[in-house]
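J.: build me a model from this:
(one chain, ligands or ions: 1)
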Amino acid sequence: MKTIVTSSSKEVVIGDNQPTIIIGESINPTGKVRMVKALQERDFSFISDEALRQVKVGAHILDVNACVPGLDEKALLPEVLKTVMESVDVPLCIDSANPRCLEAALKVYIGKPLINSVTGQEQSLQEVLPLVKRFNTAVIGLTIDDQGIPQEPYKRLEITWKIVNRAQEMGIPRENIIIDSLTLTVGTDIQAASKTLETIRLIKKEMGVNQVLGISNISFGLPLRQVINCSFISMVLAEGVTCLITDPFLTRQTVLACDLLLGKDKFARNFLKTYREMKK
Ligand code: THG
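T.: Numbers count the residues shown, from 1 in each chain. Down below sits the predicted model:
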């Protein structure tokens, strides 16, 4: 199973037997005073720097979110997207819960982006999948429905089926869907990680689609978050996740070590190349 996304000049392949793809998460104002301020003041140089920083430390794709309560996301998201496209040459992941904002962003994007995201909710399926089809994009499917994130792995598999089937009915191939099992923090739910791991295993076995996970949710509210996050990365990659939403500055070394250990880095090429670059 290979998912391909592109920028105007670069192609990124997500799949088994490929290096793990890192989606840089930091162009997102949620909980970040400095980023909110940059968006309020249209300080796009801050966003441009953030894009460059993440690509320099190993992001293959960048997530772009411009949702700040009180600001016009439909106008802002395309502007931020253009800024990022002018700053770096990697493909982008367009992150919005609002289909109108996604559409406005898709109109300015050059290449085949990843949409973040569609859910198993009827309204989301009806509004987002037509955009996936019309703009020929890839899309992240969240295993969430009107009842929230189900605890039970089989229920999350059911939502995956729903998204994949609905997409296929519309002529969207399975390769263009990347499933995100989602995870809450182990700080409040001791089963959060184990249920997510079980879900990943199940989806891999039953569906074989590519899978992505936002890593930092797992450690919210706890100390030593990096230790928890990096440990969780090694577990989810061992279960078959092919793509991560994370801060590459904090997690890239772990990802490279995992790829090496999982046989995804022939002759340790990426690991050694990165080591040499770091020494310089
Ligand atoms: N799945 C999908 N999309 C997502 C998420 C997901 N988008 C949003 C979120 N989760 C992933 N993105 C972020 C962006 C910023 C931060 C966390 C997740 C963040 N992190 C802290 C910071 O930078 O200060 C530090 C976190 C850390 O210690 O690693 O702000 O799950 N499809």
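
J.: ok, the nearest residue to Lys162 once chain neighbours are set aside to Leu129 distance?
T.: Distances taken as CB to CB, 6 or more residues apart in numbering place Gly120 nearest to Lys162, at 5.1 Å, with adjacent residues excluded. (Glycine included, C-beta is placed from N, CA and C.) Counting by CB to CB, to the nearest Å, the gap from Gly120 to Leu129 is 11 Å.

J.: would you mind listing what in this protein touches the ligand?
T.: Residues of the chain lying close to the ligand by CB under 6 Å from any ligand atom are 25-26, 28, 31-32, 95, 116-117, 140, 180, 182, 214, 216-217, 225, 229, 245, 247, 250.

J.: mind checking which of those residues are buried?
T.: By neighbour count, with 16 or more other CB atoms under 10 Å, the residues of the chain next to the ligand hold 25-26, 28, 95, 116-117, 140, 180, 182, 214, 216-217, 225, 229, 245, 247 as buried.

J.: in helices, which of those appear?
T.: Counting by DSSP state H, those place 225, 229 in helices.

J.: quick one: secondary structure of Gly221?
T.: Following DSSP: H, G, I helix; E, B strand; the rest coil, Gly221 is assigned to coil.

J.: so what's it up against?
T.: Counting by CB atoms under 8 Å, 6 or more residues apart in numbering, Gly221 makes contact with 185, 187-188.

J.: now the strands for this structure?
T.: Using DSSP state E, the strands found in the chain span residues 2-6, 11-15, 21-27, 61-64, 92-95, 114-119, 138-142, 177-180, 210-214, 243-246.

J.: a markdown table for the ones you listed, including mean pLDDT?
T.: Formatted as a markdown table, these follow (pLDDT from 0 to 100):
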| stretch | mean pLDDT |
| --- | --- |
| strand 2-6 | 98 |
| strand 11-15 | 98 |
| strand 21-27 | 98 |
| strand 61-64 | 98 |
| strand 92-95 | 99 |
| strand 114-119 | 98 |
| strand 138-142 | 98 |
| strand 177-180 | 98 |
| strand 210-214 | 98 |
| strand 243-246 | 98 |
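
J.: so which of the buried ones among the residues of the chain next to the ligand is the closest to the ligand?
T.: The closest of these to the ligand turns out to be Gly214 (CB to the nearest ligand atom; 2.1 Å).

J.: and that closest one, what does it touch?
T.: By CB under 8 Å, 6+ apart, Gly214 lies in contact with 25, 180, 182-183, 244-246.

J.: do that again at 6 Å, thanks
T.: Contacts of Gly214 were listed using CB atoms under 6 Å, 6 or more residues apart in numbering, and they are Ile245.

J.: just list whatever residues bridge to it.
T.: Counting by DSSP bridges, Gly214 forms beta bridges with Ile245.

J.: do you know how far His156 is from the ligand?
T.: For residue 156 the amino acid is Arg, not His. According to CB to the nearest ligand atom, to the nearest Å, Arg156 and the ligand sit 14 Å apart.

J.: quick check: that residue touching Arg201?
T.: No. Shown here, Arg156 and Arg201 do not form a contact pair, counting by CB atoms under 6 Å, at 11.3 Å.

J.: more neighbours: these two, which one.
T.: The residue with more neighbours, out of Arg156 and Arg201, is Arg156; 26 against 15, by other CB atoms under 10 Å.

J.: can you tell me, leaving aside adjacent residues, what's nearest to the more buried one?
T.: Nearest non-adjacent residue to Arg156, counting by CB to CB, 6+ apart: Thr143, 3.9 Å away.

J.: and the pLDDT for the one you found?
T.: For Thr143, the pLDDT comes out at 98.

J.: check the burial of Leu244 by counting its neighbours.
T.: A count of nearby residues for Leu244, using other CB under 10 Å, gives 27.

J.: nearest to Glu73 among the buried ones among the residues of the chain next to the ligand?
T.: Nearest to Glu73 among these is Asp95, at 10.7 Å by CB to CB.

J.: wait, what's in contact with that closest one?
T.: Neighbouring residues of Asp95 by CB under 6 Å, 6+ apart: 63, 65, 116.

J.: can you list the weak-confidence ranges in the stretch 101-250 of the chain?
T.: Nowhere does the stretch 101-250 of the chain drop to pLDDT under 70.

J.: ok, the residue positioned nearest the centre of the chain to Gln191 distance?
T.: Nearest residue to the geometric centre of the chain (CA atoms, centre = their mean): Ile245, 4.3 Å. Distance from Ile245 to Gln191, counting by CB to CB: 22 Å.
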